[in-house]
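Student: Quick one, what's the 3D model for this:
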Amino acid sequence: MWSLSSGVCEQLAAGTEEHVEHPTLQVLEIAVQVGADGARRFRLLLSDGGGVVYALCTEAVAEDIRDNAIERGCVVQLTDYIVTKAVNHKNVLILVAVLVRSQQLSVIGQPVNKYVDPASAEAYPAGRPGDAGSRAPVTAVEDVGGEGRYTIRGRVVARTDLRSWTNSKGDGVLLSFELSDGTGTIKCTAFRDAAAKLDPTLVIGRSYVVTHLQTKPANAAYNTTGCAFEAIVTNATAVTELPPEAAPPGAPPPPTTVPLGDLHLQAKGNVVEAMGVLAKVGGLVEVRSDLIKRSLELADKSGRAELTVWGKQAEDFAVPVSTVVVVRGAKVGWFNNCANLSMARGAQMEAAAGAEADALLHWWASPESRQVDTTPLAEVRDVGVVSGQITAVNPTPVAYPACPQCKQRVRDAGAPAPNMPALFRCDRCNVALEVPAYNYVVSVVLTDASGSAEVVSFGDTAAALLGGIAPDVLLQQSAGNPLAHVQRLLENLAVTLEVRRKQPSGQGNHAPSFTCLRVM
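Tutor: Below is the predicted model:
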């Protein structure tokens, strides 16, 4: 084992007048920098067994690195070097000539990176330099100027989907994610094959060790982490998931696992994990020309919740109904005073396994899963589940012409010129339509033992009440009388509905009325 020149790193960094003759140090890291002229320059992290110092390389030393004569872990003797002042008044060590004494050794001693905040400084582990364990906190990336390659241990707090790009240099795919380790958050970006490899691996809320990240100054236009640097995933980067107990101290907590019946206790925007039986799978819905979604329904012993999947995941969705699934990284939303889930970027859904999943599947197959606790209509003050009979369909239009983009009602704008068809106009989107979409608005009288009340259903909820018939199909089947068709379908039908009581407004009749949130 080679003996390193103990204490010399501190002297070199301090720029003391005393010149140490031919100190022996170990190379812990080699960072590559590409200048504006395209030239590759090198910066070394050197250790004396207790401390570390950064060093720039002259062309002679850089040539040895290109020829692989100098590699991480090797022991070198500085036969010629200078210490000078940089423009920021910091001392800079420049290597003029070195002599390689030994190759590819494990880390010698317990070197501590003094460029890290002392409160979070940690020794390099006794392994090969660059091992997954020898990581730099996010604050260290900023403190040392972000010019090296780093291993960071952190929790994924955000990520994008795999996205395509095309420019004058070619095309490919990219993926960005944010790592947080308690000292800060840094944005990381992977391109082409590296992005495709990482896409199925990274889950929001889980912790990872990410090695060989190349850092550069952050682009403030696309980076909101607050870190002065961002990282690029290299071909050498390896990503290893950590068990929960190995998460970095101070990192954001992992997503909370919540029963579906307790989603209403979560704030909008919270990221959670949930397990449930896939009770329903809705059809594809075009939100706009470049975005589609699909609504699912999950059920567990505590309740049910809507889950929305987006984009390609919605298009390719093929999980059978009655499968127990676990959703990780889903975002809580609120609509009509009802909590729901949405597959945020980076969220994952997979078939669940284990004792908990088996118990949930057994419950789903039993009569107990079909039993729903209901509340009499007269006792519902906010949101509740009611069971009764539809005794009448109110004589109001059952569908209205709507904008296919924003779903708002459109107005008849008339024909723009003689012998031309009439147009509909959406004032919200400022577009004219020859053929509008149609949305349901179905008003019925629901009766149970406590009394009767109006219940109004909109959109997909009304379609579910009508057995899944789309508005345009119903209008075609109704022979010009859609109200009569709906009356034949719904009157005297026994139903169980989740409803929200409407708040009375103005003067006059304050008879209770409800909005239907879900058909049970």
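
Student: Show me where the stretch 201-350 of the chain has its strands.
Tutor: Taking DSSP state E, counting those that start in this stretch as the criterion, the stretch 201-350 of the chain contains strands spanning 207-217, 229-233, 239-241, 256-257, 271-288, 291-300, 303-310, 324-335, 338-351.

Student: Show me what the last one is packed up against.
Tutor: In other words, strand 338-351. strand 149-159, strand 271-288, strand 303-310, strand 324-335 (3 or more CB pairs under 8 Å, 6 or more residues apart in numbering; DSSP states H and E). From N, CA and C alone the C-beta is placed, and that goes for glycine too.

Student: what distance separates it from the middle of the whole chain?
Tutor: With CA atoms, centre = their mean, to the nearest Å as the basis, strand 338-351 stands 9 Å off its chain's centre.

Student: Tell me the helix or strand right after it.
Tutor: helix 355-365 (DSSP states H and E).

Student: Quick check on V258: phi, psi?
Tutor: According to degrees, to the nearest 10, the main-chain angles of V258 amount to phi -130, psi 140.

Student: Hmm, Q266 and it touching each other?
Tutor: Yes. Under the criterion of CB atoms under 8 Å, V258 makes contact with Q266 at 6.4 Å.

Student: Spit out the contact partners of L490.
Tutor: The contact partners of L490, by CB atoms under 8 Å, 6 or more residues apart in numbering, come to 390, 393, 442, 444, 465-466.

Student: Need the pLDDT of it.
Tutor: Looking at L490, its pLDDT reads 89.

Student: how close does it get to V233?
Tutor: L490 is 56 Å from V233, where distance means CB to CB, to the nearest Å.

Student: And I94, by the same measure?
Tutor: 30 Å.

Student: Next, show the common contact partners of V258 and Q266.
Tutor: With CB under 8 Å, 6+ apart as the test, V258 and Q266 both reach V272.

Student: which of these two has more neighbours?
Tutor: V258 (22 against 18; other CB atoms under 10 Å).

Student: what are the bridge partners for the residue lying closest to that one once chain neighbours are set aside, then?
Tutor: Nearest residue to V258, sequence neighbours excluded (CB to CB, 6 or more residues apart in numbering): V272, at 5.1 Å. Residues in a beta bridge with V272, per DSSP bridges, are T256, A330.

Student: Compare I94 and V233 and say which one has the larger neighbour count.
Tutor: Higher neighbour count among I94 and V233: V233, with 25 against 14, using other CB under 10 Å.

Student: now the more buried one: how far from A190?
Tutor: 4 Å.

Student: next one: N481
Tutor: As judged by CB to CB, N481 and A190 stand 59 Å apart.

Student: D262 too?
Tutor: 36 Å.

Student: Those two: which is more packed in?
Tutor: Between D262 and A190, A190 has the larger neighbour count (other CB under 10 Å), namely 26 against 15.

Student: hang on, that one packs against T234?
Tutor: No. A190 is not in contact with T234 according to CB under 8 Å; the separation is 9.1 Å.

Student: Counting only helices, which of the contacts of L490 make the cut?
Tutor: L465 (DSSP state H).

Student: which among the contacts of L490 gets closest to V325?
Tutor: V325 has its nearest neighbour among those in L465, at 26.1 Å by CB to CB.

Student: quick one, helices of this protein?
Tutor: Using DSSP H, helices in the chain cover 8-14, 59-66, 138-143, 192-198, 311-315, 355-365, 459-465, 471-477, 482-490.

Student: For stretch 319-334, buried residues please.
Tutor: Within stretch 319-334, the residues that count as buried by 16 or more other CB atoms under 10 Å are 324-333.

Student: Which pLDDT value goes with the closest residue to N340 other than its chain neighbours?
Tutor: Distances taken as CB to CB, 6+ apart put E306 closest to N340, at 4.3 Å, once the chain neighbours are dropped. Per-residue confidence (pLDDT) for E306: 89.

Student: what residues are up against the residue nearest to A453 when sequence neighbours are not counted?
Tutor: Leaving aside its chain neighbours, A453 sits nearest to P512 (4.7 Å; criterion: CB to CB, 6+ apart). The contact partners of P512, by CB under 8 Å, 6+ apart, come to 377-378, 380, 453, 501-502.
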